[in-house]
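> just to be clear, the model below is a prediction. Sequence and coordinates:
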Amino acid sequence: KQEVTQIPAALSVPEGENLVLNCSFTDSAIYNLQWFRQDPGKGLTSLLLIQSSQREQTSGRLNASLDKSSGRSTLYIAASQPGDSATYLCAVNQAGTALIFGKGTTLSVSS
Amino acid sequence: SAVISQKPSRDICQRGTSLTIQCQVDSQVTMMFWYRQQPGQSLTLIATANQGSEATYESGFVIDKFPISRPNLTFSTLTVSNMSPEDSSIYLCSTDRGHSEAFFGQGTRLTVV
């Protein structure tokens, strides 16, 4: 059974820092991996989608990498801002299933 | 990309009553998914809804408690029945257009008192 783990569970950084969020999964047979952002009490906003054949995706200050064979992904946020404060969720997509989510990393960026 | 409109965005309900949550997608999709997110937790899949067939429920979720409708390829509803305070959660609908990027509604924040 696929399990997704995110480390750390919470992270507090001052504005301007570069940071890395980690995601690991136990079964490498995935179609893709997706990173989401969730603001308190709200729905999910898709940040980046990495197909299983890809190594990384970039969008603005965000860069996500995927090492499928080792079951790992990282989300790199450059020059963090207070507006980046949110919970970041990693999820994998496998054959015949809906997305399987990690528990998330709650990020707080102080000004 | 797909845009999903979900409503209501939030509600406070009395125990023993039912609430129906609606999701409208801006394009036709085969599969829609309903998730529950309990306070401080990640998302748990409730059921998968395909148009023209009954929803498939995950372990721990039953149709009598969470009936789902999927009348066409752009719309679905989830009803939370006979609510108790333990049902207080965020409920989210989603679609992924077949193993591609997944999109979510804005979520429904339900509080049962």
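Yep, that arrived.
> CA atoms for contacts and neighbours, from now on please.
OK.
> residue A:107 contacts residue A:85, correct?
Yes - here residue A:107 reaches residue A:85: they are 5.2 Å apart, a contact under C-alpha atoms under 8 Å.
> and chain A, which of its residues are near chain B?
Contact residues, chain A versus chain B (C-alpha under 8 Å from any C-alpha of the partner chain): A:31-32, A:34, A:41-46, A:49, A:93-95, A:98, A:101-104.
> nearest residue to residue B:39 in space, please, no chain neighbours.
Closest residue in space to residue B:39, ignoring its immediate chain neighbours: residue B:89 at 6.2 Å, by C-alpha to C-alpha, 6 or more residues apart in numbering or on different chains.
> flag every residue of chain B that's near chain A.
Residues of chain B lying near chain A (C-alpha under 8 Å from any C-alpha): B:33, B:41-45, B:48, B:90, B:92, B:99-109.
> give me phi/psi at the residue nearest the centre of chain B?
Of all residues in chain B, the one closest to the mean position by C-alpha atoms, centre = their mean is residue B:34, 3.6 Å from it. The phi/psi pair for residue B:34 (degrees, to the nearest 10) reads phi -120, psi 130.
> can I assume the residue nearest to residue B:39 is in contact with residue B:37?
Yes - at 5.6 Å, residue B:89 and residue B:37 qualify as touching, with contact defined as C-alpha under 8 Å.
> how about stretch B:17-32: buried residues?
With burial defined by 16 or more other C-alpha atoms under 10 Å in any protein chain shown, the residues of stretch B:17-32 counted as buried are B:19, B:21-25, B:29, B:31-32.
> just to revisit the earlier point, so who does the residue nearest to residue B:39 touch?
Contacts of residue B:89 were listed using C-alpha atoms under 8 Å, 6 or more residues apart in numbering or on different chains, and they are B:36-39, B:109-111.
> could you redo the last one with a cut-off of 6 Å?
B:37-38, B:110 (C-alpha atoms under 6 Å, 6 or more residues apart in numbering or on different chains).
> what is the nearest of those residues to residue A:57?
Compare each of the contacts of residue B:89 with residue A:57 using C-alpha to C-alpha and the shortest gap goes to residue B:37, at 27.3 Å.
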